[in-house]
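1. any chance you could fold what I've pasted below:
(one chain, ligands or ions: 2)
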Amino acid sequence: MVNKIKQICCIGAGYVGGPTMAVIADKCPHINVFVVDKNKDKISQWNNEDTSRLPVYEPGLEKIIKKCRNKNLTFSTEIETCVSTSDMVFISVNTPTKKRGFGAGKASDLKWVEACARQVAQYSKGHTIVVEKSTLPVRTAEVIKNILDIDGKDSKIKNTCTFNVLSNPEFLSEGNAINDLENPDRVLIGGEDKDAIDSLHEIYRNWVSEEKILHTNIWSSELAKLTANAFLAQRISSINSISAICETTGADIREVSRAIGSDSRIGSKFLDAGPGFGGSCFKKDILNLVYLCEFFGLNEVANFWEGVVTLNNWHQSRISELIVKKLYGTLSEKKIIILGFSFKANTNDTRESAAIQICKDLIEEGAQLIIHDPKVEREQIALDLGLEEKKENNAYSDNYDNLGNWTFSNNLETIFNGAHAAVILTEWNEYSFIDWEKESLNMNSPAWVFDSRSLLAPEKLEDSGLNFWRVGDGSEKK
Ligand code: NAD
Ligand code: UGA
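-> Ligands and ions are numbered 1, 2, ... in the order given. Now for the predicted structure:
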């Protein structure tokens with residue numbers, strides 16, 4: 001019999017758990033939704049009266065939080081209570097690449113998932129449907145089932161609790177999460193138990209049409225998530241590789257993208273050349289796939305997918321190198337404006353952002369970076385660069401060793417004064433309104449603008465006297 005779900009608990013209040021549960025709460029006012037996390041600071045940020053200070057920035061999220069929070073949506077650190085009273089528990093915790101031990105650098109570290117499974121086994125009462133929302137290696141559901149069976153039996157409420165495990169990977173993309181959640185291309189449910197599948201299906205049916213809810217076996221569901229990310233990332237490495245050919249042959253990547261994207265078999269999305277893909281998942285999920293392939297002896301398949309990551313790393317350093325080359329081979333004492341630090345526009349997330357490696361490269365070459373981003377905080381940039389922000393009058397000021405450094409600025413009005421170059425790394429809309437003719441007068445001549453996102457139309461810079469480089473633009477070679 002289909003279990004009518006009255007209460008859901010999601011473990012993990014991050015970029016997926018927070019927005020996903022907010023949308024479920026909004027679309028299902030009859031369901032009580034709890035989002036729990038062991039990180040107390042994060043939960044208090046989710047509970048912040050000032051909703052402009054939520055831990056995740058997503059267009060549209062604030063509105064839903066204001067509407068549902070403390071009605072049928074609660075953020076809490078009370079993991080035990082929330083799990084024990086819920087009919088369905090989503091696991092939405094981080095699954096980063098393992099840093100040490102077997103599979104280090106490729107395999108996913110499942111320690112947070114395992115810890116969750118143990119918490120669920122320990123605290124659950126009665127029947128609980130456990131839903132994998134995190135992206136996981138194929139056959140992780142088996143591990144979760146084992147833990148639930150063994151730990152569940154050992155717990156104080158011995159033999160009284162039962163479980164079903166489903167896979168329900170998330171396909172949202174950051175910056176567009178609310179729209180993706182409200183209008184998904186598909187919802188994927190992998191599992192064996194029909195009643196459990198129907199219970200989850202029924203939740204999504206509150207706003208997703210029947211034909212968009214796909215059912216598969218649990219392993220296909222797990223593998224489909226890794227495959228989707230691998231295919232998407234592969235398109236970006238493909239177009240970035242062609243951007244390099246464009247620059248050396250006189251072709252233009254925007255024209256090539258349009259021409260190939262009009263073929264309905266290829267499609268026009270995900271063909272924008274950029275500074276290299278970032279985000280917390282593409283690299284880790286491909287490396288996870290590579291690890292699985294190697295584990296099963298499929299070395300050619302592993303090499304094929306690993307190439308996507310290799311190309312991405314190469315492409316990022318290609319951009320750093322060409323900036324150095326165009327600025328006469330040295331960045332020492334040069335002031336370079338970095339426009340954008342998040343891995344894409346409309347998010348405050350910097351995980352694996354191309355800006356991190358590119359900024360590190362430029363600092364290594366002695367540049368004095370001034371970093372601007374409308375949503376990323378300076379403390380996050382310091383963590384990502386592994387370097388404190390330069391303070392006036394500190395040791396860096398003397399700069400005898402030509403050490404590079406960085407400072408943060410949120411003032412686009414004055415940021416360009418005395419700059420040798422500006423580098424657009426994130427496609428924030430506000431950068432397309434910069435008046436380059438005006439700013440060229442404030443910049444150090446001859447100055448450069450490097451546009452790794454094709455945000456600027458070359459005509460806008462024509463009368464500025466600025467040198468201009470755009471990703472995949474071979475016009476110098478025409
Ligand atoms: P995140 O790091 O933003 O959030 C994970 C949260 O889980 C953290 O706040 C952490 O404190 C919490 N946590 C970890 N272990 C816990 C435990 N035992 N008990 C309570 N809380 C615990 O991660 P994220 O970006 O939300 O990603 C979560 C999963 O979703 C990953 O597997 C990721 O691959 C996948 N995913 C992410 C995205 C995305 O856009 N970020 C999209 C689709 C899928
Ligand atoms: C990606 C997928 O798009 C989601 O479906 C998936 O759920 C998610 O990963 C995940 O599993 O974490 P996300 O990383 O949030 O979402 O953002 P994307 O829009 O995919 O962008 C990823 C990176 O590729 C960004 O750095 C972006 O700037 C870059 N990109 C994207 C390009 O360089 N060109 C493009 O045409 C598209």
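2. going by C-alpha atoms from here, please, whenever you check contacts or count neighbours.
-> Fine.
3. residue closest to the middle of the chain?
-> Geometric centre of the chain, nearest residue: residue 279, 3.2 Å, by CA atoms, centre = their mean.
4. what's near enough to touch that one?
-> 343, 344, 349, 350, 351, 352, 353 (CA atoms under 8 Å, 6 or more residues apart in numbering).
5. can you select the buried ones from the residues you listed in ChimeraX?
-> Here is the ChimeraX selection string for the buried members of the contacts of residue 279, based on 16 or more other CA atoms under 10 Å:
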select :343,344,349,350,351,352,353
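6. want to throw the contacts of residue 279 into TSV with distance to residue 311?
-> Formatted as TSV, those follow (distance: CA to CA, whole Å):
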residue	distance to residue 311
343	17
344	19
349	23
350	20
351	18
352	15
353	15
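7. just the element for residue 287, please.
-> helix 282-295 (DSSP states H and E).
8. distance of the residue nearest to residue 78 when sequence neighbours are not counted from residue 76?
-> Once flanking residues are discounted, residue 78 sits nearest to residue 36: 6.8 Å by CA to CA, 6 or more residues apart in numbering. As judged by CA to CA, to the nearest Å, residue 36 and residue 76 stand 5 Å apart.
9. intersection of neighbour lists for those two?
-> With CA under 8 Å, 6+ apart, residue 36 and residue 76 have common neighbours residue 43.
10. those two: who's more crowded?
-> residue 36 (27 against 22; other CA atoms under 10 Å).
11. residues from the protein in reach of ligand 1?
-> The chain has residues 11-17, 37-39, 92-95, 112, 115-116, 134-135, 170-174, 281 near ligand 1, with proximity defined as CA under 6 Å from any ligand atom.
12. in helices only, show me the residues you listed.
-> Using DSSP state H, the subset of the residues of the chain next to ligand 1 located in helices is 17, 112, 115, 116.
13. gap between the lowest-mean-pLDDT helix or strand in the chain and the chain center?
-> Across the helices and strands of the chain, mean pLDDT, DSSP states H and E gives its lowest value to helix 140-154, namely a mean of 86. Distance of helix 140-154 from its chain centroid, counting by CA atoms, centre = their mean, to the nearest Å, is 30 Å.
14. quick one, strands of this protein?
-> Counting by DSSP state E, the chain has these strands, from start to end: 7-11, 32-36, 73-76, 88-91, 127-132, 162-167, 187-190, 213-216, 335-339, 368-372, 405-408, 421-424, 448-451, 467-470.
15. take these and write them to CSV, including mean pLDDT and distance to residue 246.
-> As requested, those are arranged in CSV below (pLDDT from 0 to 100; distance: least, CA to CA, whole Å):
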stretch, mean pLDDT, distance to residue 246
strand 7-11, 98, 46
strand 32-36, 98, 48
strand 73-76, 98, 49
strand 88-91, 98, 44
strand 127-132, 96, 42
strand 162-167, 96, 42
strand 187-190, 98, 38
strand 213-216, 98, 40
strand 335-339, 98, 24
strand 368-372, 98, 29
strand 405-408, 98, 32
strand 421-424, 98, 19
strand 448-451, 98, 15
strand 467-470, 97, 11
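16. does ligand 2 have contacts with the helix ranked longest in the chain?
-> When the chain is parsed with DSSP H, its longest helix is helix 218-249. Yes. Helix 218-249 lies within reach of ligand 2 by CA under 6 Å from any ligand atom, at 229, 236.
17. which ones are touching residue 300?
-> Applying CA under 8 Å, 6+ apart, no residues contact residue 300.
18. what distance do you get for it to residue 294?
-> Taking CA to CA, one finds residue 300 at 9 Å from residue 294.
19. same check, this time on residue 270
-> Distance from residue 270 to residue 294, by CA to CA: 28 Å.
20. same check, this time on residue 236
-> 24 Å.
21. which one of the two has more residues nearby?
-> Between residue 236 and residue 294, counted using other CA under 10 Å, residue 236 has the larger neighbour count: 22 against 16.
22. distance check, that one against residue 291.
-> Residue 236 is 21 Å from residue 291, by CA to CA.
23. cool, residue 152 as well?
-> 30 Å.
24. next: residue 473.
-> 36 Å.
25. go on, residue 128?
-> 32 Å.
26. residues from the stretch 251-400 of the chain in reach of ligand 2?
-> So far as CA under 6 Å from any ligand atom goes, the stretch 251-400 of the chain lies against ligand 2 at 270-274, 276-279, 281-282, 343-344.
27. ignore what I typed, I meant the stretch 101-250 of the chain.
-> 170, 171, 172, 173, 174, 229, 236.
28. now the least confident helix or strand of the chain against strand 127-132, angle please.
-> 150 degrees (axes from the mean of the first three to the mean of the last three CA atoms, to 10 degrees).
29. wait, residue 173 touches residue 179, no?
-> No. Contact criterion CA atoms under 8 Å: residue 173 and residue 179 do not qualify, at 9.3 Å.
30. for the residue nearest to residue 362 when sequence neighbours are not counted, give me its contacts.
-> Leaving aside its sequence neighbours, residue 362 sits nearest to residue 320 (CA to CA, 6+ apart; 6.6 Å). Residue 320 makes contact with 358, 361, 362 under the criterion CA under 8 Å, 6+ apart.
31. who wins on neighbours among these?
-> Result: residue 362 is most packed of these (other CA under 10 Å), 23 neighbours.
32. and that residue, what pLDDT?
-> Looking at residue 362, its pLDDT stands at 98.
33. same question for residue 403.
-> pLDDT, read off for residue 403, is 83.
34. and for it, the neighbour number?
-> Neighbour tally, residue 403, other CA under 10 Å: 17.
35. show me the contacts for the residue lying closest to it once chain neighbours are set aside.
-> Closest residue to residue 403 apart from its sequence neighbours, by CA to CA, 6+ apart: residue 366 at 5.0 Å. By CA under 8 Å, 6+ apart, residue 366 lies in contact with 330, 331, 332, 333, 334, 402, 403, 404, 405.
36. okay but the third one is in contact with residue 367, surely?
-> Yes. Between residue 332 and residue 367 there is a contact under CA under 8 Å: 5.3 Å.
37. of these two, give the one with the bigger neighbour count.
-> Using other CA under 10 Å, the more surrounded residue of residue 332 and residue 367 is residue 367, with 26 against 19.
38. list the contacts of that one.
-> Here residue 367 is in contact with 331, 332, 333, 334, 335, 336, 403, 404, 405 (CA under 8 Å, 6+ apart).
39. re earlier: what about residue 152 and residue 291, which has more around it?
-> More neighbours surround residue 152 than the other of residue 152 and residue 291, with 27 against 23 (other CA under 10 Å).
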